[in-house]
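> No letters, just coordinates:
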């Protein structure tokens, strides 16, 4: 049973527009959430994280929103650039887990010039 | 380099053979993780090392899998009597300590014939 779900396998966005990547989770013990970006043949690269005590965290063009009541988080990229084209993974860790991450299956983002 | 280093980058072996995968974490990082990514799936946690504490082996899929971390630095993941379902990309990550963002290597692509 998947604890972290990314229901959209792919997303296509025009350059300059907003990209919104969604993630749902089922485990109420999760208290730390991260987004990673992955290019082919490379390891995931950490993008941004959020603790469950917050509902928003921003870093440049990237903003993560957390809705604990809905067990939902999203990553907004504004403005989107062709170099953002990659697979984006949502990950979560549970209180007391020492950071073992549970990953979603990823969403492939394509930003078209 | 300053990042997590994994070797080999690719490994092809026959079913039944043993394989060893190596990970060099970022210097000074006390936490080290192994994950694997099978085709079309998210990353699956395997094992976690934190300093000199006993490792968290809860993600290892069978007793054919083992890992060690010598001197609190380099780690080796060993798969004995490999089977075709072991084919995957094996990723290593390290962090300053548990519950901090993890930094990944580029992985070892393992193919079992």
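Done, it's in. Treat the numbers as computed from the prediction; the structure is a model and nothing was measured.

> Per-residue confidence at the residue most central in space within chain B, what does it come out as?
For chain B, the residue nearest the mean C-alpha position is residue B:34 (3.4 Å; C-alpha atoms, centre = their mean). The score at residue B:34 is 97. That number is its pLDDT.

> which residues does residue A:110 bridge with?
On the basis of DSSP bridges, residue A:110 is bridged to residue A:12.

> give me every residue that touches it.
Residue A:110 is in contact with A:10, A:11, A:12, A:13, A:85, counting by C-beta atoms under 8 Å, 6 or more residues apart in numbering or on different chains. In this view, the C-beta of every residue, glycine as well, is placed from N, C-alpha and C.

> Among the residues you listed, the buried ones, what's the ChimeraX command?
Buried residues among the contacts of residue A:110 (16 or more other C-beta atoms under 10 Å in any protein chain shown), as a ChimeraX selection:
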select /A:11,13,85
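
> now the contacts of residue A:110 as JSON lines including pLDDT and distance to residue B:76?
As requested, these are exported to JSON lines (pLDDT from 0 to 100; distance: C-beta to C-beta, whole Å):
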{"residue": "A:10", "pLDDT": "96", "distance to residue B:76": "36"}
{"residue": "A:11", "pLDDT": "97", "distance to residue B:76": "38"}
{"residue": "A:12", "pLDDT": "97", "distance to residue B:76": "41"}
{"residue": "A:13", "pLDDT": "97", "distance to residue B:76": "41"}
{"residue": "A:85", "pLDDT": "97", "distance to residue B:76": "35"}
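
> residues near residue B:2, how many?
By the measure other C-beta atoms under 10 Å in any protein chain shown, the count of residues near residue B:2 is 7.

> Leaving out chain neighbours, which residue sits closest to the residue nearest to the centre of chain B?
Excluding the flanking residues, the one nearest residue B:34 by C-beta to C-beta, 6 or more residues apart in numbering or on different chains is residue B:46, at 4.2 Å.

> Please report the distance of the one you found from residue B:93.
Note on residue B:46: its distance to residue B:93, by C-beta to C-beta, to the nearest Å, is 11 Å.
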